[in-house]
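*Asks:* Show me the folded form of this:
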Amino acid sequence: MRTFVSQQVQNMAPSGIRRYFDIAATMDDVISLGIGEPSFDTPAHIAQKGIESLQLGMTAYTSNAGMIELRNAIARYIERLYNVRYEPATEVLVTVGVSEALWVALKAILDPGDEVLVVQPCFVANAAAVEMAGGVPVIVDAYAEYDFQVTGADLERAITPRTKAILISYPNNPTGAILTPQHMNEVAAVAAKYDLVVISDEIYERLVYGVDHVCFAALPGMRERTILLSGMSKSFAMTGWRIGYATAPAPIMEAMLKLHQYLIMSAPTMGQYAAIQALDHAADDVEAMRCEYDRRRRLIVDGFNQLGLTCFEPRGAFYAFPNIGVTGMSDEQFCEALLLEEQVAVVPGSAFGASGDGFIRASYTNSYHNIETALERMARFMVRHG
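*Replies:* Below is the predicted model of the structure:
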């Protein structure tokens, strides 16, 4: 028989982070600093709203775009935080996590061969999502010596007549970097100069330390050319509820909704009820989790620097991104050896793009005690290899 798998899928690189999770799953006593998932339970009052919806039999499909009550809550939330107003009925879409929102956004704006500037290091799915939507990802690297900041000049060098959009994700996974206001304005200036759409993934927006998060759509002139992505997973400890959302100007949102209608009947109903509670009533819970992440952040960053694994200070999300060059190993060799010898799981930085080569991503969502233990194990590892 002929090969039935498409050439596009055959050519697509597999996710660079899954292999280590698969190995760790076969081992005992592994401390995982690999997965980007909150260690906290969903706050009880949020979970209770989901439970109540089940008990009351609210288990049918909702409106395809999401319950209007939730779209209203999303619009209120964004206006309250960033003073940016969206029309709930025509400019807000509830999705099955941010991953669906990203794909729908890309598919809505791209014709075959259109190029998207993808700033790396970034979440492993970003470039692949561009490919799956029929576009061409053009990688723009950000580097540690500049605190993983992308500049307007970096973007301009990559622009061609086929460039349609810029895809950014700050606060950043995997580096923990945020964009300074200066560099954010540079990105905005490039978007305006070349008439580009900006897709801004801000899923970690509430998890910042010592700085304020700036919503890209709030920048002067950017609301009308920004597709803003966020959701409940990270800030509200609701990964398994699978509720994301997108906001965009009405003409773009109309196209996104058309795709969403064919792809998804509706986001999980009980998750939508819980999300309303979270957006309207969970500010104190978010702040408590953020403060604990900050405590763990200081522990792990100081720990890495003391081990000789130079780590710039992450200002957002819940990842540290230390340089492992002192060991003489590649990042993949380091991660595999650390897992097999000391049962500590981290992820090679090269999984997130070429500019992540020689780094590792370590999530500090695990408990403070487990991070301490992981650092002790890594110290033994470094004595042998450092």
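*Asks:* Find the nearest non-adjacent residue to residue 191, please.
*Replies:* Once flanking residues are discounted, residue 191 sits nearest to residue 198: 5.0 Å by Cβ to Cβ, 6 or more residues apart in numbering. Yep, even glycine has a C-beta here, placed from its N, CA and C like the rest.
*Asks:* What separation is there between the one you found and residue 92?
*Replies:* 18 Å (Cβ to Cβ, to the nearest Å).
*Asks:* cool, and residue 318?
*Replies:* From residue 318 to residue 92 the distance is 26 Å (Cβ to Cβ).
*Asks:* neighbour count winner among those two?
*Replies:* More crowded of residue 318 and residue 92, by other Cβ atoms under 10 Å: residue 318, with 28 against 24.
*Asks:* Pretty sure that one sits against residue 363.
*Replies:* Yes: between residue 318 and residue 363 there is a contact under Cβ atoms under 8 Å: 5.8 Å.
*Asks:* what residues are shared contacts of those two?
*Replies:* Here residue 318 and residue 363 have residue 36 as joint contacts, going by Cβ atoms under 8 Å, 6 or more residues apart in numbering.
*Asks:* circling back: wait, isn't the residue nearest to residue 191 in contact with residue 228?
*Replies:* No: under the criterion of Cβ under 8 Å, residue 198 is not in contact with residue 228, lying 9.0 Å apart.
*Asks:* Tell me where this structure has helices.
*Replies:* Secondary structure of the chain by DSSP state H: the helices cover 7-11, 18-25, 44-55, 68-82, 88-91, 97-109, 125-132, 152-158, 181-193, 250-263, 269-281, 283-306, 331-342, 368-385.
*Asks:* Among these, show the one with the smallest mean pLDDT.
*Replies:* For the helices of the chain, mean pLDDT drops lowest on helix 18-25, to a mean of 70.
*Asks:* Name the residues that touch that one?
*Replies:* 30, 32, 34-35, 335-336, 339-340, 345-348.
*Asks:* Mind doing that once more with 6 Å?
*Replies:* By Cβ atoms under 6 Å, 6 or more residues apart in numbering, the surrounding residues in contact with helix 18-25 are 30, 34, 335, 345.
*Asks:* Quick check: PyMOL command selecting the buried ones in those residues.
*Replies:* Here is the PyMOL command that selects only those of those that count as buried (16 or more other Cβ atoms under 10 Å):
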select buried, resi 30+34+335+345
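*Asks:* Hmm, which of the contacts of helix 18-25 is lowest in pLDDT?
*Replies:* residue 34 (90).
*Asks:* And for the closest residue to residue 250 other than its chain neighbours, the neighbour number?
*Replies:* Leaving aside its sequence neighbours, residue 250 sits nearest to residue 90 (Cβ to Cβ, 6+ apart; 4.6 Å). When neighbours are counted by other Cβ under 10 Å, residue 90 registers 16.
*Asks:* swap in residue 37?
*Replies:* Neighbour count of residue 37, defined by other Cβ under 10 Å: 16.
*Asks:* mind checking how far it is from residue 318?
*Replies:* 9 Å.
*Asks:* same question, residue 40
*Replies:* Taken as Cβ to Cβ, the span from residue 40 to residue 318 is 11 Å.
*Asks:* for residue 114, what are its contacts?
*Replies:* 135, 162, 164.
*Asks:* And the pLDDT for the residue of the chain positioned farthest from its centre?
*Replies:* Distance from the centre of the chain peaks at residue 1, with 40.3 Å (Cα atoms, centre = their mean). Residue 1 carries a pLDDT value of 84.
*Asks:* So which of the helices of the chain is nearest residue 222?
*Replies:* When the helices of the chain are compared by Cβ to Cβ, helix 181-193 sits nearest residue 222, at 5.3 Å.
*Asks:* Which parts of the stretch 101-250 of the chain are strands?
*Replies:* 115-120, 136-141, 163-168, 197-201, 226-231, 244-247 (DSSP state E, counting those that start in this stretch).
*Asks:* Check which helices and strands the third one is in contact with.
*Replies:* To tie it back to what came earlier, the one meant is strand 163-168. Applying 3 or more Cβ pairs under 6 Å, 6 or more residues apart in numbering; DSSP states H and E, one finds that strand 163-168 contacts strand 115-120, strand 197-201.
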